[in-house]
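>>> A structural model of the following input is requested.
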Amino acid sequence: MPSCQIPEGHRLYVVGDIHGMAGLLERRFAAIDADQSASPGFINREIYLGDYVDRGPDSRRVLHLLMERHRQRDVVAITGNHEIYMLRAQQDPETFERWMRFGGRETLASFGVRPPDGPPSERNMAEWREAMSPEEKNFLGSLQHWHRFGDYAFVHAGFRPGIALEDQTIEDMTTIREPFLSNSSDFGFRVVHGHTPRADVEFRPGRINLDTGAFMSGRLSCLVIEPDRLRLL
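The predicted structure follows:
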């Protein structure tokens, strides 16, 4: 039995970084649905840890799949640093240029926008603003910074040690690696996060890392948390 608990009768499905891999996400949905059918009787919640876009080929489709899932199920969608950058890139040329270097080109293409050949112009940003629908913008604006359930906290990248939850910055929660990854102190809960890709899911005393590099590895990991056990789907 895990040392951390969630309330009796509840079950959580937690999914790591997707990065534009819509086919993997659809297969994950199917596996979650099959798992729930095979083991009914729980109140189910799905938690997605951010970085839905960039790098992979189908970022826009990933967003639409998550939006539809949100309408049908109890879904908590957390923001990652890539969602923050894609929105900031609509207004700030410097952010737009940086975004192009870590996956933004693929996201633009998925929205039918031609990536710039050189430094971005106001026209490039205007085309990007116009390409995104109000529904898509509303969904991205609704993403949570973190989520707490039972003895677990869910966040994209992690938390800065020694700082109260209410004082954590969005930059830390979406981009931190150190000193979070090597931290050995107890936050008072177990952190489930993504952001730092690993070959396999990492189980550590104070944290679980679900980022298995879906766009590189073809593996989109899902952790199932039940009152009496943890398992990978």
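
>>> all helices for the protein, in order.
For the chain, the helices defined by DSSP state H cover 22-38, 59-72, 81-88, 93-101, 104-110, 122-131, 134-141, 170-175, 214-217.

>>> Need the ones you listed in JSON lines (columns: distance to residue 156).
C-beta coordinates here come from the backbone N, C-alpha and C atoms, glycine included. Below are those laid out as JSON lines (distance: least, Cβ to Cβ, whole Å):
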{"stretch": "helix 22-38", "distance to residue 156": "16"}
{"stretch": "helix 59-72", "distance to residue 156": "14"}
{"stretch": "helix 81-88", "distance to residue 156": "7"}
{"stretch": "helix 93-101", "distance to residue 156": "17"}
{"stretch": "helix 104-110", "distance to residue 156": "17"}
{"stretch": "helix 122-131", "distance to residue 156": "22"}
{"stretch": "helix 134-141", "distance to residue 156": "14"}
{"stretch": "helix 170-175", "distance to residue 156": "5"}
{"stretch": "helix 214-217", "distance to residue 156": "14"}
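
>>> centroid residue for the chain?
Relative to the mean C-alpha position of the chain, the nearest C-alpha, by Cα atoms, centre = their mean, is the one of residue 50, at 1.5 Å.

>>> who touches residue 202 in this structure?
Listed by Cβ atoms under 8 Å, 6 or more residues apart in numbering, the contact set of residue 202 reads 208, 209.

>>> what's around residue 170, how many residues?
Number of residues near residue 170 (other Cβ atoms under 10 Å) recorded here: 13.

>>> nearest residue to it other than its sequence neighbours?
Closest residue in space to residue 170, ignoring its immediate chain neighbours: residue 145 at 5.8 Å, by Cβ to Cβ, 6 or more residues apart in numbering.

>>> now stretch 106-118: how far from the chain's centre is it?
Using Cα atoms, centre = their mean, to the nearest Å, the distance from the centre of stretch 106-118 to the centre of the chain it belongs to is 22 Å.

>>> start to end distance for that stretch?
16 Å (Cα to Cα, to the nearest Å).

>>> which residues sit against it?
For stretch 106-118, using Cβ under 8 Å, 6+ apart, the contacting residues are 20, 53-61, 86, 100, 104-105, 124, 127-128, 131-132.

>>> now swap in stretch 120-135 and tell me
67, 89-91, 93, 96-97, 100, 108, 111-114, 116.

>>> ok, so of those residues, who is nearest residue 227?
Taking Cβ to Cβ as the measure, residue 227 lies nearest residue 67 of the contacts of stretch 120-135, at 29.9 Å.
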